[in-house]
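K.L.:
coords please:
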Amino acid sequence: MKVLWNDQIVAREAVKLDIEDRGYQFGDGLYEAVRVYKGDMFMFDEHFDRLERCAKKIRLTLPFTRIELQTQLYRLISAEQISNGAVYFQVTRGIDSPRDHRIPDFSAVKPVVTGNVSAYERPQAMQQDGLSATVIPDERWLHCDIKSLSLLGNVLSLDAAMQKGYGDALLVRDGYFTEASASNLWFVFGDTYYTHPDGNLVLPGVTKLHLLNLMRQNGLKIKEEAVPAEKLATADEIFISNSIWEVVPIVNVDGNPVGAGKIGPLTKLIQDKYIASTKSKLG
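P.N.:
All right, here's what the predicted structure looks like:
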């Protein structure tokens, strides 16, 4: 298996990570996961734009340009001969010894870049049948807009849901829904789509951005508003979105069916338009 290590494509066994890498010790780094269709990265520029914004927020100097990273990732996709899949890459602040909570001067450390690509087909059964979910308090930190390596809050929320026999967690903070455990969260009331506005409480999802654009292009009604937890029982449809799963319906919450207990018409509509766009944008 070939992987990206800094500016090289190497065998996975050749990668050596230092125990004082700040990503390992502090979760001090960023990541992105980009969908690959027929050998092409989907919405790479939007992923890179977010990476740059997040890097600025944590005062991390990226060790590559947009073109340099894009070129390396395509080399990796080619080396692994992946047609449909996902590219994961991360950049940590680097090795800082001795261990110190203070952010070091950017000239004193060199960021460490790693990445890999995996084969992955569209999860058609899950997109059609949907997932069950449970409501979990959102106890993550207050910078959910930063796509940080520090994902313990997300991991614990999903684990809490799975321990109860559900497939995902719908997170609530101060009486309002924010996100799912690793996805943006959407509600449908009547003929209108609702999703939490961007800000520090949610990740500005690349798939979410694309869905909003598709909705506007097709004259669909959208409200970027936080949905109160008390309105859960009246939701006609619920779905989640992320770059890997695309659009997946939530058909049951805490044992209660959402709508008819199956994928709803507005979820299916935007799911179909998203899938069509992955083909048209890549030609």
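K.L.:
following the helix or strand residue 178 falls within, which helix or strand shows up next?
P.N.:
Under the criterion of DSSP states H and E, residue 178 resides in strand 176-180. Later in the chain than strand 176-180, the nearest helix or strand by DSSP H and E is strand 184-189.
K.L.:
buried set for that following strand?
P.N.:
Across strand 184-189, burial judged by 16 or more other CB atoms under 10 Å covers 184, 185, 186, 187, 188, 189. Just so you know, the C-beta spots here come from the backbone N, C-alpha and C atoms, and that holds for glycine as well.
K.L.:
Also stretch 53-60?
P.N.:
54, 55, 60.
K.L.:
Next: stretch 1-8.
P.N.:
2, 3, 4, 5, 6.
K.L.:
picking that back up, and the buried residues of strand 184-189 as JSON lines, adding pLDDT?
P.N.:
As requested, these are exported to JSON lines (pLDDT from 0 to 100):
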{"residue": "184", "pLDDT": "98"}
{"residue": "185", "pLDDT": "98"}
{"residue": "186", "pLDDT": "99"}
{"residue": "187", "pLDDT": "98"}
{"residue": "188", "pLDDT": "98"}
{"residue": "189", "pLDDT": "98"}
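K.L.:
Distance to residue 45 added to the residues you listed, as JSON lines?
P.N.:
Output for these, formatted as JSON lines (distance: CB to CB, whole Å):
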{"residue": "184", "distance to residue 45": "19"}
{"residue": "185", "distance to residue 45": "25"}
{"residue": "186", "distance to residue 45": "24"}
{"residue": "187", "distance to residue 45": "29"}
{"residue": "188", "distance to residue 45": "29"}
{"residue": "189", "distance to residue 45": "33"}
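K.L.:
could you give me the average pLDDT of the strand holding residue 178?
P.N.:
For strand 176-180, the mean pLDDT works out to 98.
K.L.:
Narrow the buried residues of stretch 1-8 to those in strands?
P.N.:
2, 3, 4, 5 (DSSP state E).
K.L.:
Just the closest of those residues to residue 64, please.
P.N.:
Proximity of the ones in strands among the buried residues of stretch 1-8 to residue 64 (CB to CB) peaks at residue 4, which lies at 10.3 Å.
K.L.:
quick one, helices of the stretch 151-283 of the chain?
P.N.:
Secondary structure of the stretch 151-283 of the chain, counting by DSSP state H, counting those that start in this stretch: helices at 152-163, 206-217, 265-280.
K.L.:
Can you lay out those helices as JSON lines showing mean pLDDT?
P.N.:
Formatted as JSON lines, the helices of the stretch 151-283 of the chain follow (pLDDT from 0 to 100):
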{"stretch": "helix 152-163", "mean pLDDT": "98"}
{"stretch": "helix 206-217", "mean pLDDT": "98"}
{"stretch": "helix 265-280", "mean pLDDT": "96"}
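K.L.:
could you redo the ones you listed as a markdown table and give each row distance to residue 133?
P.N.:
Shown next, in a markdown table, are the helices of the stretch 151-283 of the chain (distance: least, CB to CB, whole Å):
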| stretch | distance to residue 133 |
| --- | --- |
| helix 152-163 | 7 |
| helix 206-217 | 18 |
| helix 265-280 | 14 |
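K.L.:
which of the ones you listed sits most buried?
P.N.:
helix 206-217 (a mean of 18; mean count of other CB atoms under 10 Å).
K.L.:
Packing partners of that helix?
P.N.:
Packed against helix 206-217 by the contact rule (3 or more CB pairs under 8 Å, 6 or more residues apart in numbering; DSSP states H and E) you find helix 44-57, strand 184-189, strand 192-195, strand 221-223, strand 237-242, strand 246-253, helix 265-280.
K.L.:
make it 6 Å
P.N.:
strand 237-242 (3 or more CB pairs under 6 Å, 6 or more residues apart in numbering; DSSP states H and E).
K.L.:
what's the strand it packs on in contact with?
P.N.:
180, 183-188, 207-208, 211, 247-250, 258-259, 264, 266-267 (CB atoms under 6 Å, 6 or more residues apart in numbering).
K.L.:
Show me the domain layout of this protein.
P.N.:
Segmentation of the chain into domains, based on automatic domain parsing, reads 2-119, 124-280.
K.L.:
what mean pLDDT does the shortest one have?
P.N.:
Over the span of domain 2-119, the pLDDT mean works out to 97.
K.L.:
Next, the distance between the ends of it.
P.N.:
End-to-end distance for domain 2-119: 13 Å, by CA to CA, to the nearest Å.
K.L.:
Check the offset of that domain from the chain's centre.
P.N.:
Relative to its chain's centre, domain 2-119 lies at 15 Å (CA atoms, centre = their mean, to the nearest Å).
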